[in-house]
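**Student:** Pasting a predicted model and its sequence here:
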Amino acid sequence: MKIVHLVTLVASMAALPALAETAANAPAAAAAEAQAAVQVKAGVLVIAADGRRIGRVDRVFSENGTPVTVSVIYSGRVVRIPVNTLSNSERGLVSTLTAKEIKAL
């Protein structure tokens, strides 16, 4: 019986590096999937996390075909908001950044 437990322990320890690697890659894969799911295009309204209207997307900047940032005219100047801070809503794109944080970009 002790041998069975020992074999099970050794087998589970051998699987730990593979599980750790999968867990380490999960956040990156989830972020890429979420980023791909956000529909960014010119003219879409951007709203801050605190509910303030920021403006409409003027331009989408991409790297290797993947949207990275969007430019919006806010408070009289162009700000570039990272796409990974945006999510789709009924009203447009909602950022996880507040209006104050967006103004500081």
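**Tutor:** Okay, I see it.

**Student:** And what about Ile102, helix, strand or coil?
**Tutor:** Secondary structure assignment for Ile102 (DSSP: H, G, I helix; E, B strand; the rest coil): helix.

**Student:** wait, doesn't it sit right on Tyr74?
**Tutor:** Yes - between Ile102 and Tyr74 there is a contact under CB atoms under 8 Å: 6.2 Å. Every C-beta, even on glycine, is put in place using the N, C-alpha and C of the backbone.

**Student:** Those two: which is more packed in?
**Tutor:** Neighbours were counted for Ile102 and for Tyr74 using other CB atoms under 10 Å; Ile102 has more, 23 against 19.

**Student:** follow-up on the earlier one: shared neighbours, Ile102 and Tyr74?
**Tutor:** Counting by CB atoms under 8 Å, 6 or more residues apart in numbering, the residues touching both Ile102 and Tyr74 are Ile54.

**Student:** Now do the buried residues in stretch 38-48.
**Tutor:** For stretch 38-48, the neighbour count (16 or more other CB atoms under 10 Å) marks Val38, Val40, Val44, Val46, Ile47, Ala48 as buried.

**Student:** What is the burial count for Ser75?
**Tutor:** Neighbour count of Ser75, defined by other CB under 10 Å: 10.

**Student:** you'd agree it is up against Ala104?
**Tutor:** No - using CB under 8 Å, Ser75 makes no contact with Ala104, being 10.6 Å away.
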